[in-house]
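**Q** please find the sequence and the predicted model below.
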Amino acid sequence: MKKEATRAIPMGARSTLDTEFARASAGRRPVVWSIAGSDSGGGAGLQADLKALQAFGVHGCTAVAAITAQSSVEVVRVEPVSADLLDAQLAALAQDMPPQAIKTGLLGSVDNLRVVCRWVDALRAQGFPIALVVDPVLGSTTGTPFVDDALLDAYCRQLLPRATLITPNRREALRLLQAERADHPLHAAPAPELAQALQARWRLGTRERAPANGQSAYDCFAVAITGGDDARAQGLASDWLQSPQATGWLSLPRVDTSQHHGTGCTFASTAAAALASGYCVADAVVMAKMATTHALRHAYAAGQGAGPVQALPDFAQHVGNLPCLQKTPAAQTAFPGLTDPALGVYAVVDSAAWVRRVLAAGIRTVQLRIKDPEEPTLSAQIAESIAAAQATPGAQLFINDHWQLALQLGAYGVHLGQEDMDTVDLDALRQAGVRLGLSTHSYWEVARAWALRPSYIACGPIFATQSKDMPWIPQGLDNLRYWAGVFPVPVVGIAGIDASNVMEVAATGAASAAVISAITKSSDPEAACVALMAGFAAGAATAS
């Protein structure tokens, strides 16, 4: 994405499951409704929500569910608006600005919660794929309770079953599970167990409701338990994500600040903005983590107590805000850097004969991609390819998938897809000095790859391709430019690249353009290699 102050994030790395969002908001900014309490101190609630929504670049609408009298030190009074008034606000918005996502905060009363549920159901019944993000604001950080037992029960039985994503901190998760007492079996449970228990509660709630009565368009329920307390000892702020796409810890170094008012609102609102823009749930939570971390870095004092965080539109432009997605919240050792980070044209071929052929044509970055693990000549082909690369000055050869043989036979590098990362002995590869490249297609996959600190990251599909069936919308050149500008390691663009567009790919600043069919299906592969290299060199010369 072009680095413009008004738009800080790429808007194309989405699953094809979410294309209806683009159609629903064609030509307009996505709309997010925030239904929450007004904070007279300006640090949280609707005020914080609007700042986060504006920073993301969506249009935020507000419906006041409660009015608070508060400062940075204490909450003096909380008064819910009438259900009729809340209903009137939502009716007015629905006539003119129906949302792609709704975010709820402080609701104030059971009647108000029921109004929200009715509108979610009504909008979904009209065919709007409404994402519902529930920030269960059950009390203030200074100790003022916002819900009684009746409202808590309504949250669990009525609102949560309609939710796409809930974003409780640990204290709120315990209260939703009625596990606040020290003798409760879940009281000391780690965040993953709390998330599983919340999902079980969601499944129970959906069974209690009629299936057609406002069922989430996502047919899922994701949980992000925020607060970062489970990894405090390691100096990390780690939030637990449990979603249909990905599960694990999202970790970043803890921001040491006493100004943190509005972090929960910022997190939930950014997630809602991302969902409204068509991102999947896991991507939305990664971006929420990025935006909240950036907001904490720019927080400021405003009164005697904790000051507000400050959501800013450039949150996605800093790799320091990109969390690591991993099973255990811990720092990772980086893989070795590339001998030549300027990878150039990257030929992906399926035999040792092709490896020799493209090397002879002048290409110096090659991947041997033999997908069949039962191929009888697999070991011999890998060995032959390694020998050819070692005999060619400047060549960098990566073996796709077959990391054991690559390690055994002394390969320079290995390339892995997301589906292979859990089965690899990463420590063995690091100790052997093997370079590692990883494929990514979305924010959560990038966060997962970044946790390993690989030698390079491949982003795709850049263009539509027939070489592999992918459930992804092509990311385009703007996304490739964005990732190339953000990452301190080389970025490889892949999919749909040929002589007609390789110059544009190189002009994004990407270190490499991976090519398959444009070489292997060419009537003159050697000439194709020469044309691709010339086009890449011309484009790289124009990269800013």
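**A** The structure has been received and is ready for your questions. Numbers count the residues shown, from 1 in each chain.
**Q** show me where the stretch 201-350 of the chain has its strands.
**A** Along the stretch 201-350 of the chain, counting by DSSP state E, counting those that start in this stretch, strands occupy 222-225, 236-242, 247-253, 324-326, 344-349.
**Q** hey, C-alpha coordinates of the longest strand along the chain in CSV?
**A** The longest strand of the chain (DSSP state E) is strand 59-70. Extracted in CSV, the C-alpha atoms of strand 59-70 (Å, rounded to 0.1, in the frame of the first residue of the first chain):
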residue,chain,number,x,y,z
HIS,A,59,-16.5,5.8,9.0
GLY,A,60,-17.6,5.6,12.6
CYS,A,61,-21.1,6.1,13.8
THR,A,62,-22.0,6.3,17.5
ALA,A,63,-25.1,5.3,19.4
VAL,A,64,-24.9,6.4,23.1
ALA,A,65,-26.0,3.5,25.3
ALA,A,66,-24.9,5.2,28.6
ILE,A,67,-23.6,8.4,29.9
THR,A,68,-20.8,8.5,32.4
ALA,A,69,-19.5,11.2,34.7
GLN,A,70,-15.8,10.4,35.0
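**Q** buried set for it?
**A** Using 16 or more other Cβ atoms under 10 Å as the burial criterion, the residues of strand 59-70 that qualify are His59, Gly60, Cys61, Thr62, Ala63, Val64, Ala65, Ala66, Ile67, Thr68, Gln70. The C-beta positions use only the backbone N, C-alpha and C, and glycine is treated the same way.
**Q** over to stretch 387-402?
**A** In terms of neighbour count (16+ other Cβ under 10 Å), stretch 387-402 has its buried residues at Ala387, Ala388, Ala389, Thr392, Ala395, Gln396, Leu397, Phe398, Ile399, Asn400, Asp401, His402.
**Q** tell me how far it lies from the chain's centre.
**A** Distance, stretch centre to chain centre, for stretch 387-402: 33 Å (Cα atoms, centre = their mean, to the nearest Å).
**Q** I'd like the average pLDDT over it.
**A** Mean per-residue pLDDT for stretch 387-402: 97.
**Q** just to revisit the earlier point, ok, so of the buried residues of stretch 387-402, who is nearest Arg118?
**A** Among the buried residues of stretch 387-402, Asp401 lies closest to Arg118 (Cβ to Cβ), at 50.9 Å.
**Q** quick one, what contacts that closest one?
**A** By Cβ atoms under 8 Å, 6 or more residues apart in numbering, the contact list for Asp401 reads Arg369, Lys371, Pro373, His415, Leu416, Gly417, Asp420.
**Q** so for these, which is the shakiest by pLDDT?
**A** Pro373 (87).
**Q** ok, that residue - contacts?
**A** Here Pro373 is in contact with Asp401, His402 (Cβ under 8 Å, 6+ apart).
**Q** using the three-state scheme, assign Arg77.
**A** Three-state call for Arg77 (DSSP: H, G, I helix; E, B strand; the rest coil): strand.
**Q** and the gap between it and Thr62?
**A** Note on Arg77: its distance to Thr62, by Cβ to Cβ, to the nearest Å, is 20 Å.
**Q** cool, His402 as well?
**A** 55 Å.
**Q** before we move on, what SS does Ala513 have?
**A** Assigned with three-state DSSP, Ala513 falls in the strand class.
**Q** hang on, the earlier thing: ok, which pair from the buried residues of strand 59-70 is furthest apart?
**A** Greatest spatial distance in those: His59 and Gln70, 26.6 Å, computed using Cβ to Cβ.
**Q** circling back: tell me the strands beside the longest strand of the chain, with direction?
**A** strand 31-39 (parallel), strand 75-80 (antiparallel) (DSSP bridges).
**Q** could you export stretch 240-248 as PDB, CA atoms only?
**A** Extracted C-alpha coordinates of stretch 240-248, given in PDB (Å, rounded to 0.1, in the frame of the first residue of the first chain):
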ATOM      1  CA  TRP A 240      -4.500 -15.100  23.300                       C
ATOM      2  CA  LEU A 241      -6.300 -15.500  19.900                       C
ATOM      3  CA  GLN A 242      -8.700 -18.400  19.300                       C
ATOM      4  CA  SER A 243     -10.300 -18.100  15.800                       C
ATOM      5  CA  PRO A 244     -11.300 -20.300  12.900                       C
ATOM      6  CA  GLN A 245      -8.200 -19.200  11.000                       C
ATOM      7  CA  ALA A 246      -5.500 -19.200  13.700                       C
ATOM      8  CA  THR A 247      -5.000 -19.900  17.300                       C
ATOM      9  CA  GLY A 248      -2.000 -18.800  19.500                       C
END
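**Q** what residues does that stretch touch?
**A** Outside of stretch 240-248, the residues within contact range by Cβ under 8 Å, 6+ apart are 165, 191-192, 194-196, 199, 218, 220, 222-225, 230, 249-250, 280-283, 285, 325-327, 442, 444-445, 448.
**Q** now these: which count as buried?
**A** Buried, going by 16+ other Cβ under 10 Å: 165, 191-192, 194-195, 199, 218, 220, 222-225, 230, 249-250, 280-283, 285, 325-326, 442, 444-445, 448, out of the contacts of stretch 240-248.
**Q** no more questions from me, cheers.
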